[in-house]
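1. from the sequence below, what's the structure:
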Amino acid sequence: MRSVRVGMALGGLLLAGCTSTVGGSASPVAEVTLADTEVADHPPGQLHTDESVDYAQTPPVGGEHDPQWADCTGSVYDVELRRENAVHSLEHGAVWVTYDPAEVDADGVATLAALVEGTSGMFLSPYPGQGSPVSAQAWDHQLQAEDPADPRIEAFAVLLVSNPDTTPELGATCENPAFLAVPRTP
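-> Okay, here's the model as predicted:
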């Protein structure tokens, strides 16, 4: 049922590659929230940088980012991802689910992987020391949870994957097979 809802949310989108901008103007960025969602304020059209970025949020939810995005086609990574690449995926409308490996056991990781795997617009990775067992990020939005089975994580993803009101580069692709094959790490 979740994949039908996510599929409907993604339906009709024309995927395009990302340069510094996607043709046309950036989507308006609005606050779209569930209970307990933290909201930040990063303007659309952030610059690309090859440098490390000092982000205000942990994990980050927006700002300057690497020109190369992390593959977010339902990708499940077993390594910590370079934040600048993950943030670029958020700009494309992805939801990045992270977990602290010191606080989430193998069953919890499997629960999160089942939510993410094969769902375009989502990706999962460990994020040591993030301050909560589980966290979900979309551009300017973050939800932290204690339990990998918390239903708010799925609701967050359904609401924010490629949300036209919150995605700066709506229609940009999540595919990046080169990154998926060799993920960039911190």
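2. quick one: the helices in this structure?
-> For the chain, the helices defined by DSSP state H occupy 2-10, 83-91, 106-116, 151-160, 177-181.
3. chain center to the shortest one: distance?
-> Yep, that's helix 177-181 we're talking about. Distance, stretch centre to chain centre, for helix 177-181: 16 Å (C-alpha atoms, centre = their mean, to the nearest Å).
4. next, the buried residues of that helix.
-> residue 179 (16 or more other C-beta atoms under 10 Å). Where you see a C-beta, it was placed from the backbone N, CA and C, and this is true even at glycine.
5. for it, C-alpha coordinates in CSV please.
-> Provided in CSV are the C-alpha atoms of helix 177-181 (Å, rounded to 0.1, in the frame of the first residue of the first chain):
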residue,chain,number,x,y,z
PRO,A,177,24.7,4.3,-10.6
ALA,A,178,28.3,5.5,-10.3
PHE,A,179,27.7,6.7,-6.8
LEU,A,180,25.7,3.6,-5.9
ALA,A,181,28.6,1.4,-7.1
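6. pick the most buried one from the helices of the chain.
-> helix 83-91 (a mean of 27; mean count of other C-beta atoms under 10 Å).
7. other residues contacting it?
-> 18, 44, 46, 48-49, 52-53, 55, 59-72, 96, 123, 125, 137-139, 167-169, 172, 174, 179, 183-184, 186 (C-beta atoms under 8 Å, 6 or more residues apart in numbering).
8. ok, stretch 145-162 next?
-> 2, 5-6, 9-10, 13, 32, 34-37, 93-95, 97, 99, 104, 108-109, 111-112, 115, 119-122, 132-136, 138, 141, 143, 166, 170.
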